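**Q** Got a sequence here, can you model it:
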Amino acid sequence: MRSRIAFWNILKKDIKNYYLKPPNISWGIIFPLSWTLMQLIRSPGENVLKLLPGLMAMSVLFGTTSMLAVTITFERSGRSFERLLLAPISINVLVLAKIAGTVLFGIFNAFVPIIFASFFKDLRGVNFGIILPTVFMIAVSSALMGLLIAVSAKQVFEAQTFSNFFRFPMLFLCGLFVPISDLPVFLRPISYLLPLTYGADILKGAVTGVNTLSPTLSFGMLILFSVVLFLISRHNINRKWIL
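**A** Numbers count the residues shown, from 1 in each chain. Model (predicted):
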């Protein structure tokens, strides 16, 4: 019971205090929104369905990583995160509570491109039954990647800068807009080491009906990445913030 109360209050505080912070608005909302509108307006018709999976995955990636950069670094600079570490709750509950808000924010961001795309194209053929769990898993893995970055940063601008070193290359390495088969051979192995590659491939299958990888394999890889990232994040919190 105590853990559930703590989880809910941490989540509620993050939503209330950090969703509308300027860094989160600029990188988590405005950038994905403007990129989505630009791509959809310049590529109407059939191209909308080809662009939609990449736009959704990109919106989740930028939304979740930006949210973690804001919540963690603001609380560390204000020393309020230390009070959370001293609270009588487990580190696992604390980490899950911190990423829960970012996951919700990422899921919301994912459906913004769908709303805009519906004005250009009939989306009745899209398999939303697959999209929902896929967006959730992309949001979880992206949030945990953002947490790893936020752990190493002391200020919001540092976290956002570190995030961009990962986010922008991933736009081109994960098959969001450029097929992995079109990448140079030496870059393709890197693509398959990134969780977003598997999430984007499932989304492509749900929207266009064409998958490069097995959906079962992709879901399994997303779960594996999420578990590994969670364990690494928990270890880093213990090593850098507690011991």
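
**Q** for this protein, what spans make up the helices?
**A** 2-18, 22-24, 31-42, 47-77, 80-86, 91-117, 128-151, 156-173, 188-191, 195-208, 215-237 (DSSP state H).

**Q** Now those helices in a markdown table, please, with extra columns for mean pLDDT and mean neighbour count.
**A** C-beta coordinates here come from the backbone N, C-alpha and C atoms, glycine included. Shown next, in a markdown table, are the helices of the chain (pLDDT from 0 to 100; neighbours: other CB atoms under 10 Å):
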| stretch | mean pLDDT | mean neighbour count |
| --- | --- | --- |
| helix 2-18 | 72 | 15 |
| helix 22-24 | 62 | 17 |
| helix 31-42 | 72 | 16 |
| helix 47-77 | 79 | 26 |
| helix 80-86 | 63 | 13 |
| helix 91-117 | 82 | 21 |
| helix 128-151 | 88 | 23 |
| helix 156-173 | 78 | 18 |
| helix 188-191 | 90 | 14 |
| helix 195-208 | 90 | 25 |
| helix 215-237 | 88 | 17 |
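
**Q** As a markdown table, those helices with distance to residue 180 would be great.
**A** Converted to a markdown table, the helices of the chain look like this (distance: least, CB to CB, whole Å):
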| stretch | distance to residue 180 |
| --- | --- |
| helix 2-18 | 34 |
| helix 22-24 | 30 |
| helix 31-42 | 19 |
| helix 47-77 | 12 |
| helix 80-86 | 38 |
| helix 91-117 | 21 |
| helix 128-151 | 17 |
| helix 156-173 | 8 |
| helix 188-191 | 5 |
| helix 195-208 | 7 |
| helix 215-237 | 13 |
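
**Q** Quick one, which of these gets closest to residue 181.
**A** Of all the helices of the chain, helix 188-191 sits nearest to residue 181, with 8.0 Å by CB to CB.

**Q** What distance do you get for residue 69 to residue 161?
**A** Distance of residue 69 to residue 161, given as CB to CB, to the nearest Å: 9 Å.

**Q** and if you look at residue 223?
**A** Per CB to CB, residue 223 is found 30 Å from residue 161.

**Q** Only C-alpha atoms, please: export stretch 93-100 in CSV.
**A** Written as CSV, here are the backbone C-alpha positions of stretch 93-100 (Å, rounded to 0.1, in the frame of the first residue of the first chain):
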residue,chain,number,x,y,z
VAL,A,93,9.4,1.8,-7.2
LEU,A,94,11.2,5.2,-7.4
VAL,A,95,12.6,4.4,-10.9
LEU,A,96,9.2,3.1,-12.1
ALA,A,97,7.4,6.1,-10.8
LYS,A,98,9.9,8.5,-12.5
ILE,A,99,9.5,6.8,-15.9
ALA,A,100,5.7,6.3,-15.7
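
**Q** And the contacts of it?
**A** Residues outside stretch 93-100 that contact it (CB atoms under 8 Å, 6 or more residues apart in numbering): 3, 6-7, 10-11, 14, 68, 71-72, 84-85, 87, 140, 143-144, 147, 230, 233-234, 237.

**Q** same thing but 6 Å
**A** The contact list for stretch 93-100 (CB atoms under 6 Å, 6 or more residues apart in numbering) reads 3, 7, 10, 11, 84, 143, 234.

**Q** Work out the gap between that stretch and the centre of the chain.
**A** Distance of stretch 93-100 from its chain centroid, counting by CA atoms, centre = their mean, to the nearest Å, is 15 Å.

**Q** Stretch 115-122 too?
**A** 23 Å.

**Q** next one: stretch 196-211
**A** With CA atoms, centre = their mean as the basis, stretch 196-211 stands 16 Å off its chain's centre.

**Q** same thing with stretch 109-121?
**A** Taking CA atoms, centre = their mean, one finds the center of stretch 109-121 at 18 Å from the center of the full chain.

**Q** same thing with stretch 186-206?
**A** Worked out by CA atoms, centre = their mean, stretch 186-206 lies 14 Å from the chain centre.
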